[in-house]
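# I would like the atomic coordinates for the input below:
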Amino acid sequence: MARKKKFDDVHGWIVLDKPVGVTSTQAVSRLKRLFNANKCGHAGTLDPLASGMLPLAFGEATKTVSFVMDGTKVYRFTVRWGAQTATDDTEGEVIATSDHRPTKAEIEAILPEFIGEIMQVPPKFSAIKIDGERAYDLARDGEEVVLEARPIEILDLALVDVPDADTAVFDCECGKGTYVRALARDMGLRLGTRGHVIGLRRVHVGPFEEDDMIPLADIEKAAEEGGLDAARALLVPVEAGLSEVTEVAVNRDAAARLRRGQSVILRGRDAPADEDAVWVTCGGDLVAIGEVDRGELVPRRVFMLGGE
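I've put the predicted structure just below:
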């Protein structure tokens, strides 16, 4: 009987620049195998036809994924006017057309209507579940998919370029759950035409910036030329996913209590009295994520990264 391969405890983040044609699940599998890691997950699905930022969490960093996913996201996307597709991107068949092409002034005039908290109907070809089934599976099987409008938040929406009468390029800063494909569809309808996404790139997720991204080819090249250590040297620390959360430093005794799942009382002039989420360090080592209620720090997730 063959011995099961042993994987390593690898901790940290890779802010992947995902290429077009690779699914988020495939990206996780490739990097998990390349890093020989026990555990790996991503912080927010990116469509196969989209490129750009896909933060990958390894090991203890998976405990911080929700904080990254809850952060704002920035997309640059290109819309083609005059045609609506079944998938609201280039994969689906054309289901409606229009001869009207909006002017730059017309496009800019309607953008404020899509900024703020708005209601959005997700695309029928999406990962939303209906009675336990993914909407895209039902749609591919030819079933009628009816999705309810959901509240989303768009913080900013700007027209970046109008290369020609048929296309327009936008930057969108938005909250969790926003579908850019649906935004393109709805803008087209509002402009008296039709529209679908022909290019989509994510450039920001939560605490991670565009300059943090590493192309998949560069990671694979590092592993090929320098081995496992060279690839793992590209990891950023677990706490990189928590940079938008309040940090609280504690002493060794308090850290020991927190690691045992026990709460501690925070003292000092600068200690927070109430916080929904904080991350706790001791001597520079990440100890826990918790919440503060009337000065009492209650651990919710504990980390074992050394310095215990």
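
# State the next helix or strand along the chain beyond the longest strand along the chain.
Ranked by residue count and defined by DSSP state E, the top strand of the chain is strand 150-164. Using DSSP states H and E, the helix or strand that follows strand 150-164 in sequence is strand 167-174.

# tell me the angle of that following strand relative to strand 150-164?
Strand 167-174 runs at 150 degrees relative to strand 150-164, counting by axes from the mean of the first three to the mean of the last three CA atoms, to 10 degrees.

# Which strands or helices does strand 167-174 pack on?
strand 73-81, strand 150-164, helix 180-190 (3 or more CB pairs under 8 Å, 6 or more residues apart in numbering; DSSP states H and E). Yep, even glycine has a C-beta here, placed from its N, CA and C like the rest.

# Could the C-alpha coordinates of the strand or helix carrying E220 be exported in PDB?
Applying DSSP H and E as the criterion places E220 in helix 216-232. Output of helix 216-232 as PDB, limited to C-alpha atoms (Å, rounded to 0.1, in the frame of the first residue of the first chain):
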ATOM      1  CA  LEU A 216       0.900  32.800 -11.600                       C
ATOM      2  CA  ALA A 217       3.700  32.300 -14.100                       C
ATOM      3  CA  ASP A 218       6.200  34.100 -11.800                       C
ATOM      4  CA  ILE A 219       5.400  31.900  -8.900                       C
ATOM      5  CA  GLU A 220       5.800  28.700 -11.000                       C
ATOM      6  CA  LYS A 221       9.100  30.100 -12.400                       C
ATOM      7  CA  ALA A 222      10.400  30.800  -8.800                       C
ATOM      8  CA  ALA A 223       9.500  27.200  -7.900                       C
ATOM      9  CA  GLU A 224      11.100  25.800 -11.000                       C
ATOM     10  CA  GLU A 225      14.400  27.800 -10.700                       C
ATOM     11  CA  GLY A 226      14.800  28.000  -6.900                       C
ATOM     12  CA  GLY A 227      12.700  25.200  -5.500                       C
ATOM     13  CA  LEU A 228      10.100  25.100  -2.800                       C
ATOM     14  CA  ASP A 229      11.900  27.700  -0.600                       C
ATOM     15  CA  ALA A 230      12.000  30.200  -3.400                       C
ATOM     16  CA  ALA A 231       8.300  29.900  -4.000                       C
ATOM     17  CA  ARG A 232       7.400  30.100  -0.300                       C
END
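
# how far is that helix from where the chain is centred?
Centroid displacement of helix 216-232 relative to its chain, using CA atoms, centre = their mean, to the nearest Å, is 24 Å.
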